[in-house]
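1. 3D model of this:
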Amino acid sequence: MKILKCFENVAGLKVNLHKSLIFGLGVINDEVDNMAHRVGCKVGEFHFTYLGIPIGKNMNKVENWNPVVEKFNLKLADWKARSVSYGGRLTLVKSVLSYSIETLGLHFANSFLKVIGDGASTRFWEDPWLCELSLKDKFRRLSYFEVDRAVLVRDRIQWLDGSITMTWGWNRDLNGLAQDDLNALIILLNSYVKQDKPTDSWSWNMAANGIYTIKKMSGYIDDITIGNNTAHQNETLKNNLVPKKVEVFIWRVLKRRIPVRTELDKRGIDIDSVRCPLCDDDIETIDHLMFFVVI
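-> Numbers count the residues shown, from 1 in each chain. Model prediction:
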């Protein structure tokens, strides 16, 4: 206690004993309890954290540093979010808006089908290959009777000389509605036209050649959102010849988001004057700065 009193007198800082802990190393617990009672603080136990660093753990192990690394990641993520450029923000906005494609009537997730070659990389029940939905979703009742739901197409279906052979693996006998579902599935399988390809591949059913490109997807979105209105199209489509930072700047001008003095004054920012510092002929507005100032 004398040492703590000396520290208070020298540093001018008061020690809060109610928030302090006392630890014992190489002594019995009774002595630690007795000392904590005399000092007026609580007994601490290992392991504990001091200034964000774990104390009492083996810091040679990577997992013991995970809490510290997570705190740094959170701090860095917040810092990066605040310091990201307008171009980066535009990219983030576009990535978020891309998830809204289905609201335009384009079911992107259901627009890909597996094309069967050897059937070695396509799951019979879980991958979409026979129709837009997976067979697990289309014949849900029937899939419950499957022994292995991750079974491959080649393990259930074989094509040879234009004929098809089906090998099933059920965990019980089928009857009633399950048998009806199997009959419907067999009809679909018999109508399937297998491509002459050595391996399985993906195909995009919104393109004639089955190849997905961003240009084609952008064209579909433009057809839905813009249509054939040429005048509106000229206002909406971006010009690839204009740099992104110029597009962002023009957008900020149109939205009155340029920090001219009048805008800063509207937001309560203390400035010495709202007059234009370049010409001192008028107050500094966005229109004055863009069209009337003479340098």
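2. can you list the domains in the chain?
-> 2-65, 112-204, 256-295 (automatic domain parsing).
3. Leu92: which of those domains is closest?
-> Leu92 lies closest to domain 256-295 among the domains of the chain, at 17.2 Å (Cβ to Cβ). For the C-beta atoms, the positions are set from N, CA and C on the backbone; glycine is no exception.
4. can you list the buried residues in stretch 252-263?
-> Val260, Arg261, Thr262, Glu263 (16 or more other Cβ atoms under 10 Å).
5. please identify the most buried of the domains of the chain.
-> domain 112-204 (a mean of 15; mean count of other Cβ atoms under 10 Å).
6. shaky segments in this protein?
-> 1, 81, 93-106, 109, 225-240, 295 (pLDDT under 70).
7. all strands of it, in order?
-> Along the chain, counting by DSSP state E, strands occupy 21-22, 42-43, 48-50, 53-55, 112-115, 157-160, 163-166, 201-204.
8. so which of those strands comes closest to Glu8?
-> So among these, strand 21-22 is nearest, using Cβ to Cβ, at 17.2 Å.
9. chain neighbours aside, what residue packs nearest to Leu135?
-> Spatial nearest neighbour of Leu135, chain neighbours left out: Trp125 (5.0 Å); criterion: Cβ to Cβ, 6 or more residues apart in numbering.
10. what residues are up against that neighbour?
-> The contact partners of Trp125, taken as Cβ atoms under 8 Å, 6 or more residues apart in numbering, are Ser134, Leu135, Lys136, Ser143, Glu146, Arg149, Ala150, Val151.
11. which one is the fourth one nearest to, not counting chain neighbours?
-> So the one you mean is Ser143. Leaving aside its chain neighbours, Ser143 sits nearest to Lys136 (4.6 Å; criterion: Cβ to Cβ, 6+ apart).
12. which residues touch the one you found?
-> The contact partners of Lys136, taken as Cβ under 8 Å, 6+ apart, are Trp125, Glu126, Ser143, Arg149.
13. and the buried residues of stretch 252-263, which of them are in helices?
-> Counting by DSSP state H, the part of these found in helices is Arg261, Thr262, Glu263.
14. what sits against the last one?
-> In this case it means Glu263. Contact analysis of Glu263 by Cβ under 8 Å, 6+ apart lists Arg256, Ile286.
15. got it, and the first one?
-> With contacts defined as Cβ under 8 Å, 6+ apart, Arg261 is in contact with Ile271, Ser273, Val274, Arg275, Cys276, Pro277, Ile283, Glu284.
16. neighbouring contacts of stretch 184-199?
-> The contact list for stretch 184-199, computed with Cβ under 8 Å, 6+ apart, reads 115-118, 120-121, 130-131, 135, 139, 142, 157, 159, 164, 166.
17. what's the distance between Lys114 and Val274?
-> 64 Å (Cβ to Cβ, to the nearest Å).
18. now do Asp148
-> 75 Å.
19. do Gly26 as well
-> 71 Å.
20. quick one: the helices in the chain?
-> Per DSSP H, the chain carries helices over the ranges 2-11, 29-39, 66-83, 86-97, 135-138, 140-143, 177-191, 214-225, 230-236, 244-254, 261-266, 286-287.
21. save those helices as CSV, and put in distance to Ile22 too.
-> Shown next, in CSV, are those (distance: least, Cβ to Cβ, whole Å):
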stretch, distance to Ile22
helix 2-11, 11
helix 29-39, 5
helix 66-83, 24
helix 86-97, 50
helix 135-138, 61
helix 140-143, 63
helix 177-191, 70
helix 214-225, 64
helix 230-236, 70
helix 244-254, 58
helix 261-266, 54
helix 286-287, 64
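22. closest to Val293 out of those?
-> helix 286-287 (9.9 Å).
23. touching the closest one from outside, list them.
-> Contacting residues not belonging to helix 286-287 are listed as Val253, Arg256, Ile258, Val260, Glu263 [Cβ under 8 Å, 6+ apart].
24. can you lay out the residues you listed as JSON lines showing distance to Gln179?
-> Converted to JSON lines, the contacts of helix 286-287 look like this (distance: Cβ to Cβ, whole Å):
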{"residue": "Val253", "distance to Gln179": "68"}
{"residue": "Arg256", "distance to Gln179": "68"}
{"residue": "Ile258", "distance to Gln179": "71"}
{"residue": "Val260", "distance to Gln179": "76"}
{"residue": "Glu263", "distance to Gln179": "73"}
